[in-house]
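> next comes the sequence, and after it the predicted model I'd like to discuss.
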Amino acid sequence: MRVGGVYLLVGILGLFLVGSSLNIIALNGADNVLHLASAVVLLGVGLSQDRVPARTAHA
């Protein structure tokens, strides 16, 4: 879930940094779409997983 959060942060920052001198990682419009779409998928998968630890069988 952390990876999805990082992608979301980069996608949102990219919306504000395009065309500015602070754009040190060369984000553009296509990068923003890719980061935001990846964030949605990764956060969706991460949040849909069970948080209950798996039980181990004792023989």
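Yep, it's here.

> from the chain's centre, how far out does the helix or strand residue 5 falls within sit?
Per DSSP states H and E, residue 5 falls inside helix 2-17. Put simply, helix 2-17 sits 7 Å off its chain's centre (Cα atoms, centre = their mean, to the nearest Å).

> do the same with stretch 6-21
For stretch 6-21, the distance to the chain centre is 12 Å (Cα atoms, centre = their mean).

> what lies in contact with that stretch?
Identification of contacts with stretch 6-21 by Cβ atoms under 8 Å, 6 or more residues apart in numbering yields 23, 27-29, 31-32, 35-36, 38-39, 42-43. Just so you know, the C-beta spots here come from the backbone N, C-alpha and C atoms, and that holds for glycine as well.

> in strands, which of the residues you listed appear?
Among the contacts of stretch 6-21, DSSP state E puts none in strands.

> mind listing what's buried along stretch 16-36?
17, 27, 32, 34-36 (16 or more other Cβ atoms under 10 Å).

> could you check how far it is from the centre of its chain?
15 Å.

> end-to-end on it?
One end of stretch 16-36 to the other measures 14 Å (Cα to Cα, to the nearest Å).

> quick check: which ranges of the protein have low pLDDT?
54, 59 (pLDDT under 70).
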